[in-house]
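*Asks:* I would like the atomic coordinates for the input below:
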Amino acid sequence: MAFVRSQKGLSLLGWLMALAVVAFVASAVFKMLPHYLDFMSLEKAITSVETDRAADIRTVPDFYSHMSKSMQVNSIRDLELEKILVVKFENNEFRAHLKYEKREPLIQNLDLVARFDKEFRVRMP
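*Replies:* Sure, this is the predicted structure:
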């Protein structure tokens with residue numbers, strides 16, 4: 001029973017280390033979460049072309065116009081639509097390729113990088 005006294009839990013240094021790890025992970029999550037939310041909004045806007053009858057999207061410029069409006073509604077201002085999205089119309093369906101990456105500085109010369117690359121096949125409504 002001599003060891004009971006030394007097994008009371010974390011010391012002050014242990015708590016500080018645990019707090020530092022939690023703070024580091026929370027910082028990384030809060031920096032990257034907005035980029036993932038933006039990607040999910042873009043993904044939803046692309047797939048909504050298929051189900052949104054009121055939009056009446058028939059051509060590639062209509063598709064880009066729809067995406068531009070969706071980006072304004074969702075407050076996505078730091079991406080250039082023409083650089084991140086390539087849309088082609090083939091066989092009565094749109095083929096949209098959404099590809100971009102976002103970088104967030106973490107510590108001095110270390111960055112967090114999120115790379116998004118997804119292709120969509122959207123049939124005409």
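
*Asks:* List the contacts of the residue nearest the centre of the chain.
*Replies:* Nearest to the geometric centre of the chain sits residue 36, at 2.0 Å (C-alpha atoms, centre = their mean). Residue 36 sits next to residue 114 when contact means C-beta atoms under 8 Å, 6 or more residues apart in numbering. (Glycine included, C-beta is placed from N, CA and C.)

*Asks:* List the buried residues for whatever helix or strand it lives in?
*Replies:* According to DSSP states H and E, residue 36 maps onto helix 12-51. For helix 12-51, a neighbour-count test (16 or more other C-beta atoms under 10 Å) marks 31-32, 35, 38-39, 41-42, 45-46, 49-50 as buried.

*Asks:* Give me the distance from that helix to the chain's centre.
*Replies:* Helix 12-51 has its C-alpha centroid displaced from the chain centroid by 9 Å (C-alpha atoms, centre = their mean, to the nearest Å).

*Asks:* mean confidence score for it?
*Replies:* Helix 12-51 shows a mean pLDDT of 93 in the predicted model.

*Asks:* just checking, what packs against the helix or strand just after it?
*Replies:* Counting by DSSP H and E, the next helix or strand C-terminal to helix 12-51 is helix 60-73. When contacts are defined as 3 or more C-beta pairs under 8 Å, 6 or more residues apart in numbering; DSSP states H and E, helix 60-73 sits against helix 12-51, helix 81-84, strand 85-90, strand 93-107.

*Asks:* which residues touch helix 60-73?
*Replies:* 41-42, 45-46, 48-49, 55-57, 77, 79, 81-82, 85, 87-89, 94, 96.

*Asks:* switch the cut-off to 7 Å
*Replies:* Contact with helix 60-73 is made by 45, 49, 55, 57, 81, 85, 87, 89, 94, as judged by C-beta atoms under 7 Å, 6 or more residues apart in numbering.

*Asks:* All set, thanks.
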